[in-house]
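K.L.:
The following block contains a protein sequence and its predicted model.
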Amino acid sequence: MKFAIYEVREDEMKMLKALEKKYNLELVITSEDLTPETLYLAEGADGVSTIGHSHMNRMIFEQLAKMGIHTYSSRCIGVNHIDLAAARELGFSVSNASYSPHGVADYTVMLMLMLLRKYKPALWRQQVNDYSLGGLMGRELRGLTVGIVGTGRIGLTVMQNLSGFGCKMLCYDVHERPEAAALGKYVSLTELYNESDIITLHTPLLDSTRFMINEESIAQMKPEALIINCARGELMDITAIIHAIENQKLGGVALDVFADEDGIYHHDRRTDIIKNRDMAYLRQFPNVIMTQHMAFYTAEAVDSMVTCGIESLLAFAEGKHYPCQIV
Ligand code: NAD
């Protein structure tokens, strides 16, 4: 069995090599994205795999189908880079990856604490031997209300993590889960915005969630509310966020994701001209924490993503179902 594996990072190699040996596979391994220019690397393959930077649109699926390839695995959870309808119409079997929600959930709580304890300006001061305390007074999570938007795998794990801190939890989801209801109280989105000191987003990017954080929803929030986004940049209207930071309506934001991060995050762009003004502008505020879409990035998650990516292609090639199959 031969598979073409795109967007391979160095940290995936150990597990890829182990699986290649275990299942006696021939893997074509490249760090390139899957594009019309790199499709030739999949010549003669039984399936292809990418992470989330390749645009898996109708044209790419049509080209793959012409090459006799009808199986595709994405080694990440998010699926907004995949035209699932086109894949379905063209007869593809498609999987995404699954990994424990703990990596992202732990990271989310870390960002909450970093904002609450003003870790970013404290770190800046340490670098220049400024050990003063002025302006660094924090707040304790225990007395606060946290609003969790999206109580799926990650949102629920955030709630489980937070349950030890003693804070009050409000949550909102289009599908309510009894496990979340046992830890917090389901309320309307308006009530969550009105009552929460910290709002954390854990919904997928859908038409119904795109720009859900906007001028109107921010206006409903408490003064100096904190927003954490470890889900997708496009859940927020970034212009509205910038206004709310400038006029101090929001007390801070921590963003592991950013609109139009593709081609920037996960790349070394030190000597390049980067054309994302919002990213450059927001980054300079002491109460804005930004990281390069790395909440998922743990050794445990990477091994699991690679395993899903390879084992699903193998299952599809043998005409079997795989637990992460989405088409
Ligand atoms: P999940 O599918 O288990 O949970 C998503 C939840 O959102 C579901 O309960 C769903 O009902 C809910 N939802 C859908 N539409 C909604 C709406 N309009 N309003 C409120 N809730 C809605 O997904 P998950 O594994 O918890 O992941 C959540 C998101 O986190 C992913 O879609 C992805 O975008 C993001 N993510 C980011 C990273 C990272 O490294 N930063 C890693 C993994 C996932």
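P.N.:
Cool, got the structure. Numbering: from 1, shown residues only.
K.L.:
how close does Ser95 get to the ligand?
P.N.:
With distances taken as Cβ to the nearest ligand atom, to the nearest Å, Ser95 is found 15 Å from the ligand. (Glycine included, C-beta is placed from N, CA and C.)
K.L.:
For that residue, which non-adjacent residue is spatially closest?
P.N.:
Spatial nearest neighbour of Ser95, excluding adjacent residues (Cβ to Cβ, 6 or more residues apart in numbering): Ser312 at 3.6 Å.
K.L.:
how many other residues sit next to the one you found?
P.N.:
Ser312: 30 surrounding residues under other Cβ atoms under 10 Å.
K.L.:
The one 4 residues further on now?
P.N.:
By the criterion of other Cβ under 10 Å, Phe316 has 22 neighbours.
K.L.:
need the contact list for it.
P.N.:
Gly47, Thr71, Ser93, Ser95, Tyr322, Gln325 (Cβ atoms under 8 Å, 6 or more residues apart in numbering).
K.L.:
so what's the most centrally placed residue in the chain up against?
P.N.:
Centre of the chain computed as the mean C-alpha position; nearest residue by Cα atoms, centre = their mean is Ala231, 4.4 Å away. Residues in contact with Ala231, defined by Cβ under 8 Å, 6+ apart, are Gly150, Ile154, Leu201, His202, Thr203, Pro204, Leu205, Val257.
K.L.:
try Ser95
P.N.:
Ser95 neighbours (Cβ under 8 Å, 6+ apart): Tyr72, Ser73, Ser74, Cys308, Gly309, Ser312, Leu313, Phe316, Tyr322, Cys324, Gln325, Ile326.
K.L.:
Write out the residues of the protein neighbouring the ligand.
P.N.:
On the criterion Cβ under 6 Å from any ligand atom, the ligand has as its neighbours in the chain the residues 77-78, 101, 104, 149-155, 172-175, 202-206, 208-209, 230-232, 256-257, 293, 295-296.
K.L.:
Which members of these are positioned in strands?
P.N.:
Val149, Tyr172 (DSSP state E).
K.L.:
In helices, which of the residues of the chain next to the ligand fall?
P.N.:
Cross-referencing the residues of the chain next to the ligand against helices under DSSP state H gives Val104, Arg153, Ile154, Gly155.
K.L.:
With adjacent residues omitted, what lies nearest to the closest residue to the ligand within the stretch 151-300 of the chain?
P.N.:
Of the residues in the stretch 151-300 of the chain, the one nearest the ligand is Gly152, at a distance of 1.7 Å by Cβ to the nearest ligand atom. The shortest distance from Gly152 to any residue other than its chain neighbours is 6.4 Å, reached at His202 (Cβ to Cβ, 6+ apart).
K.L.:
Kindly list the longest helix within the chain.
P.N.:
Taking DSSP H as the assignment, the helix of the chain that covers the most residues is helix 299-317.
K.L.:
Report pLDDT for Leu41.
P.N.:
Reading off the per-residue confidence, Leu41 sits at a pLDDT of 98.
K.L.:
Now do the contacts for it.
P.N.:
Neighbour list for Leu41: Ala4, Tyr6, Val28, Thr30, Glu32 [criterion: Cβ under 8 Å, 6+ apart].
K.L.:
So Met67 sits against Glu43, correct?
P.N.:
Yes. Taking contact to mean Cβ atoms under 8 Å, the distance of 6.6 Å between Met67 and Glu43 places them in contact.
K.L.:
Could you pick out the buried ones from the contacts of Ala231?
P.N.:
Gly150, Ile154, Leu201, His202, Thr203, Leu205, Val257 (16 or more other Cβ atoms under 10 Å).
K.L.:
Make a markdown table out of the residues you listed and add distance to Leu189 and pLDDT.
P.N.:
As requested, these are exported to a markdown table (distance: Cβ to Cβ, whole Å; pLDDT from 0 to 100):
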| residue | distance to Leu189 | pLDDT |
| --- | --- | --- |
| Gly150 | 11 | 98 |
| Ile154 | 18 | 97 |
| Leu201 | 11 | 98 |
| His202 | 13 | 98 |
| Thr203 | 11 | 97 |
| Leu205 | 17 | 93 |
| Val257 | 20 | 98 |
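K.L.:
Can you spell out the domain ranges of the protein, please?
P.N.:
Described in terms of automatic domain parsing, the domain architecture of the chain consists of the residue ranges 2-99+299-317, 102-290.
K.L.:
one step back: wait, the residue of the stretch 151-300 of the chain closest to the ligand touches Val174, no?
P.N.:
No. In this structure, Gly152 is not within contact of Val174 by Cβ under 8 Å, at 10.2 Å.
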